[in-house]
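**Student:** Make a model of this:
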Amino acid sequence: MSIKPYILGGAQTDFQRNWTKEGKTFVSMFREIVEDGLAAVGLDYDEIKRLNKENRVGVFVGNFDAEQYANQGHLGAFLTEVHPAFYGVPGGRYEAACASGSVALDAAGTKIRAGDYDVCIIVGLEVMKTVNSAVGGDFLGTAAYYEKEAKGIEFPFPKLFGKLADVIVERNSHVKEDRIMEGFAEISRINYDNAKTNPRAQTRSWFMNKEHANTRGGDYNMAVGGRLAITDCSQVTDGAALMVIASPEYAKEFAKKSGKKLESMSVLKGWGHRVAPMQFVNKVAESKGNDYILPWTRQAVKDAYDRAGLDIDQMDVIETHDCFTSSEYAAISAFGITKPGEEHQAIEDGTIARTGKKPINPSGGLIGAGHPVGASGVRMALDIHKQVTGQAGGYQVEGSKNGIMLNIGGSATTNMTFVIGQE
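**Tutor:** Numbers count the residues shown, from 1 in each chain. The predicted model follows:
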């Protein structure tokens, strides 16, 4: 039987903050998230030193583009700037565009399953407000095929996911376009409303309603990419998240020593990782005739279900990569909530609302909670952990036992999924 890593806990920064305006750097962010995260778990530096002497601990940093945003690479070594306890601890940086945090978590989970380490510390981190939006949009273009899909194009990613919206409309001719676009607007409204209950969400104090989201193209909701407008977009965010995962043996040892209950911990039950063609035009061509517009996303979801021995019927809560409303719309069928082409029904009947049968993004998602690119995967996994252990506070989905998260990089190029639940 495969070893299932335990999640001991973690923390995230307040995604509403602008670290540059505070006069702080990514190093400040590292220090704060490590201090807060380890305190939340109950793991101290003496224990890290002990584990390091026994070669039982590793560090995994998810980051997309600090080279451009902060003029700094080699982020996997920066926990040594937090505390001397990390001197000698193996560390590395993992990158897969917006799925960087998830590939860091996946690498950590692999080390636990292989028996190489007993404890892994995962940090997802991105500073993005060091530059203006136009420059930042160009930086983000490197998550696509820059020379062919982003070079010389203002804000390339809204345009790429605008093309996804086009494909959704074209391949669902049995559904009126207005109905699909109203579905996009409702996705936006749900995420903004959910964010109001999340004390770490970027947009928790912003105003948004469906009427505003459904009025595209005007001065108050400008078009940014084809059918998509500002309200269809996730946020530019500074932020970090940390998680600690452990072998079952260490989790039991830690629970006994710290006085914590195993019920306060969750388990990584299943995972999926699939890569689609790099260019969006090739994704569209390859998926022609397939029930799913993004079949690789669906396969990553199915892989996680299969490894967990579960299915959508057992999922109580979902966190998905709503970089744009079109990506969440396509994910509804990928999760198995509906059949392809019926996604609008799950939006209209309240299935994906926080009080619905399959709530999506009770945290507010990337649209509401924020999207610090390298941190989003870790943040989503941490939020599922909180949900299934009853620690989500004001945005808790009552009775959650199992959940799934989907984190994508590029134009749904890298697809990472995790099923997380109680043992």
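
**Student:** Sticking with the spatially most central residue of the chain, tell me its helix or strand.
**Tutor:** Among the residues of the chain, residue 377 comes closest to the average C-alpha position under Cα atoms, centre = their mean, at 3.2 Å. Residue 377 is part of helix 376-388 when elements are defined by DSSP states H and E.

**Student:** now that helix, how far from the centre of its chain.
**Tutor:** 8 Å (Cα atoms, centre = their mean, to the nearest Å).

**Student:** The helix or strand following that helix pairs with which strands, and in what direction?
**Tutor:** Where DSSP H and E defines the elements, the next helix or strand beyond helix 376-388 is strand 402-409. Using DSSP bridges, the strands paired with strand 402-409 in its sheet are strand 317-319 (parallel), strand 414-421 (antiparallel).

**Student:** Dump the ones you listed into a markdown table; add mean neighbour count and mean pLDDT as well.
**Tutor:** C-beta coordinates here come from the backbone N, C-alpha and C atoms, glycine included. Below are those laid out as a markdown table (neighbours: other Cβ atoms under 10 Å; pLDDT from 0 to 100):
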| stretch | mean neighbour count | mean pLDDT |
| --- | --- | --- |
| strand 317-319 | 28 | 99 |
| strand 414-421 | 28 | 98 |
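
**Student:** Relative to residue 63, which of these is closest?
**Tutor:** strand 414-421 (14.5 Å; Cβ to Cβ).

**Student:** what's the offset of that closest one from the middle of its chain?
**Tutor:** Strand 414-421 sits 9 Å away from the centroid of its parent chain (Cα atoms, centre = their mean).

**Student:** do the same with stretch 228-240
**Tutor:** 13 Å.

**Student:** could I get the strands paired with strand 402-409 as TSV with distance to residue 94?
**Tutor:** Converted to TSV, the strands paired with strand 402-409 look like this (distance: least, Cβ to Cβ, whole Å):
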stretch	distance to residue 94
strand 317-319	19
strand 414-421	11
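
**Student:** between those strands, which one is nearest to residue 100?
**Tutor:** Across the strands paired with strand 402-409, closest to residue 100 is strand 414-421 (Cβ to Cβ), at 9.0 Å.

**Student:** what angle do the closest one and helix 376-388 make?
**Tutor:** 20 degrees (axes from the mean of the first three to the mean of the last three Cα atoms, to 10 degrees).

**Student:** Would you mind listing the buried residues in stretch 133-148?
**Tutor:** 136-145 (16 or more other Cβ atoms under 10 Å).

**Student:** Return stretch 180-188 as CSV; C-alpha atoms alone will do.
**Tutor:** Listed next in CSV are the C-alpha coordinates belonging to stretch 180-188 (Å, rounded to 0.1, in the frame of the first residue of the first chain):
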residue,chain,number,x,y,z
ILE,A,180,-22.8,30.9,-20.9
MET,A,181,-21.7,34.5,-20.3
GLU,A,182,-24.2,34.8,-17.5
GLY,A,183,-22.6,31.7,-16.1
PHE,A,184,-19.2,33.4,-16.2
ALA,A,185,-20.6,36.4,-14.4
GLU,A,186,-22.1,34.2,-11.7
ILE,A,187,-18.7,32.5,-11.2
SER,A,188,-17.3,35.9,-10.6
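
**Student:** distance between that stretch and the chain's centre?
**Tutor:** 21 Å.

**Student:** which outside residues touch that stretch?
**Tutor:** 165, 168-169, 172, 208, 210, 213-214, 216, 227-228, 231-232, 322, 325-326, 328-329, 343-344, 347-348, 352, 367 (Cβ atoms under 8 Å, 6 or more residues apart in numbering).

**Student:** what do you get for stretch 143-160?
**Tutor:** 64, 97-98, 133-134, 137-138, 140-142, 224-226, 228, 232-233, 278-280, 323-324, 373, 409-411.

**Student:** following the helix or strand hosting residue 39, which helix or strand shows up next?
**Tutor:** Element membership for residue 39, per DSSP H and E: helix 26-41. Once the chain leaves helix 26-41, the next helix or strand it forms, by DSSP H and E, is helix 45-53.

**Student:** Show me which residues of that following helix are buried.
**Tutor:** 47-49, 51-52.

**Student:** how far off helix 26-41 does that helix point, in degrees?
**Tutor:** 100 degrees.

**Student:** Give the residue spans of the stretch 251-400 of the chain that score low on pLDDT.
**Tutor:** The model of the stretch 251-400 of the chain has no residue with pLDDT under 70.

**Student:** Which parts of it are helices?
**Tutor:** In the stretch 251-400 of the chain, the helices defined using DSSP state H, counting those that start in this stretch lie at 280-287, 295-308, 325-334, 343-348, 365-368, 376-388.

**Student:** Identify each buried residue in stretch 179-193, please.
**Tutor:** Under 16+ other Cβ under 10 Å, the buried positions of stretch 179-193 are 180-193.

**Student:** before we move on, what SS does residue 245 have?
**Tutor:** strand (DSSP: H, G, I helix; E, B strand; the rest coil).

**Student:** so who does it touch?
**Tutor:** With Cβ under 8 Å, 6+ apart, residue 245 has these contacts: 5-8, 105, 108-109, 112, 119-120, 122, 268.

**Student:** can you redo the buried residues of stretch 133-148 as TSV with secondary structure and distance to residue 253?
**Tutor:** Converted to TSV, the buried residues of stretch 133-148 look like this (DSSP: H, G, I helix; E, B strand; the rest coil; distance: Cβ to Cβ, whole Å):
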residue	secondary structure	distance to residue 253
136	helix	44
137	helix	47
138	helix	48
139	helix	43
140	helix	42
141	helix	47
142	helix	43
143	helix	40
144	coil	45
145	coil	47
